[in-house]
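[1] Here is my input, please return the structure:
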Amino acid sequence: MKEIGASTALYGLIGHPVGHSLSPQIHNTLAEYTGLDLCYTVFDGESRERLGDAVRGAHALGIGGLNVTVPYKKDVFPYLADIDPIAERIGAVNTLVRCEGGYKGYNTDYMGLRRALEECGVDVTARDAAVIGAGGAARAAVFMYAAACEDRGAKGRTLFIINRTREKAEALSREVQEGFASVNVRVLGLYEAAGIASMTDGKILAMQCTSAGLYPDVNSSPITDPGFFKNVGFAFDAVYKPARTRFMQLAAEQGAGCANGLSMLLWQGICAYSLWTGKDPGPEAVNAVRRKLEDAQQ
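    As a prediction, the model looks like this:
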């Protein structure tokens, strides 16, 4: 067991609830493999009203960095000393890096998602895309896709934002269109998802970014209509427990390739660790973390 002493640097996760988090397994394993004297734990920030106190207190106590999870990825903005421009455009942060006067906010979710899809052999910009949801993970997916299209000069792609609450999706659509004019953004309600076949030329990349289907609610999917899944070429579900979600099952039944959110969790953590420490953990550490996450997924 790792010995914790007076010189051990402390990092952690703030959100509510956090008891289910696998982030300690990620970062404590990375510390072991990179030989750094640091320890990572979780802080259950139950009171939204005390979030500012928590961030300021963490800095005052010398905590080296924090991850931020639901429901505070947007709420934490007023308490940051600085914000990375990409995180500011996404409108959500999940990683706080210690800087002068406080913390600087970053978003490694979008980095982790792009890396996870590339790991599956998915060319993100090769087809139109649909993002289901309009919360923090969905925002990361939406801006990841739009930025990738801009980076690679993939003009004319259509991005569908599909959400139960149409107003939230429309607000997100306006933000994307303001920053990425080369991407066509369309908003659909969940009940309209099956009609996507008439709005695109080929099979799409579908990214499910809600908590629907998360254990123990394993039989849920935000969309169940086979008409939607017939037009999906690859389905990504940000949920990683269970390993094969209902959303993935429905897509696979129509011949689509599938992946859950475990690799996204892995790579967003690797990116955060590198931001905090300046270290590239290397493949041995990455594989060790992956094995731990897969064990925890069972």
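[2] who are the neighbours in contact with Pro119?
    No, residue 119 isn't Pro; it's Glu. 263, 267 (C-beta atoms under 8 Å, 6 or more residues apart in numbering). In this view, the C-beta of every residue, glycine as well, is placed from N, C-alpha and C.
[3] Swap in 10 Å and give it another go.
    With contacts defined as C-beta atoms under 10 Å, 6 or more residues apart in numbering, Glu119 is in contact with 259, 263-264, 266-267.
[4] Equivalent analysis for Gly135, please.
    Gly135 neighbours (C-beta under 10 Å, 6+ apart): 70-71, 73-74, 92, 163, 168, 172, 209-211, 238.
[5] 8 Å instead, please
    Taking C-beta under 8 Å, 6+ apart as the criterion, Gly135 is in contact with 70, 209-210.
[6] next one: Val122
    205, 234, 236, 257 are the contacts of Val122 under C-beta under 8 Å, 6+ apart.
[7] of these, closest to Tyr33?
    Phe236 (27.3 Å; C-beta to C-beta).
[8] Can you give me the pLDDT of the closest one?
    Listed pLDDT for Phe236 reads 98.
[9] burial of it, as a residue count?
    The number of residues packed near Phe236 is 27, by other C-beta atoms under 10 Å.
[10] Low-confidence ranges, the chain, go.
    The model of the chain has pLDDT under 70 over residues 1.
[11] can I see the domain layout of it?
    Per the record, the chain has its domains at 9-107+263-297, 111-260, by automatic domain parsing.
[12] of all those domains, which lies closest to Glu3?
    Nearest of the domains of the chain (C-beta to C-beta): domain 9-107+263-297, 9.1 Å.
[13] ends of the closest one, how far apart?
    28 Å (C-alpha to C-alpha, to the nearest Å).
[14] ok, so of the contacts of Val122, who is nearest Ser7?
    Nearest to Ser7 among the contacts of Val122: Phe236, at 40.9 Å, using C-beta to C-beta.
[15] does the closest one have beta-bridge partners, and which?
    For Phe236, the beta-bridge partners are Met207, Ala259 (DSSP bridges).
[16] Next up, the contacts around it.
    Contacts of Phe236 (C-beta under 8 Å, 6+ apart): 113, 116-117, 120, 122, 205-208, 258-261, 264.
[17] ChimeraX command to pick out the buried ones of these?
    Only the buried entries of these go into this ChimeraX selection, using 16 or more other C-beta atoms under 10 Å:
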select :113,116,117,122,205,206,207,208,258,259,260,261,264
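[18] Can you redo the contacts of Phe236 as JSON lines, where the extra columns are distance to Gly282?
    Shown next, in JSON lines, are the contacts of Phe236 (distance: C-beta to C-beta, whole Å):
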{"residue": "Leu113", "distance to Gly282": "22"}
{"residue": "Ala116", "distance to Gly282": "18"}
{"residue": "Leu117", "distance to Gly282": "22"}
{"residue": "Cys120", "distance to Gly282": "21"}
{"residue": "Val122", "distance to Gly282": "24"}
{"residue": "Leu205", "distance to Gly282": "30"}
{"residue": "Ala206", "distance to Gly282": "33"}
{"residue": "Met207", "distance to Gly282": "29"}
{"residue": "Gln208", "distance to Gly282": "31"}
{"residue": "Cys258", "distance to Gly282": "29"}
{"residue": "Ala259", "distance to Gly282": "23"}
{"residue": "Asn260", "distance to Gly282": "24"}
{"residue": "Gly261", "distance to Gly282": "23"}
{"residue": "Met264", "distance to Gly282": "20"}
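[19] where's Val42, which helix or strand?
    If you go by DSSP states H and E, Val42 is part of strand 38-44.
[20] can you pull the buried residues of that strand?
    So, applying 16+ other C-beta under 10 Å, buried residues of strand 38-44: 38-40, 42-43.
[21] distance of Asp123 from Pro283?
    Counting by C-beta to C-beta, to the nearest Å, the gap from Asp123 to Pro283 is 23 Å.
[22] Looking at those two, which one has more neighbours?
    Asp123 (13 against 8).
[23] sorry, back to before: of the contacts of Glu119, closest to Leu10?
    Leu266 (22.2 Å).
[24] Just read off the phi/psi values of the residue nearest to the spatial centre of the chain.
    Central residue of the chain (C-alpha atoms, centre = their mean): Asp109, 3.5 Å from the mean position. Main-chain dihedrals, Asp109, degrees, to the nearest 10: phi -60, psi -40.
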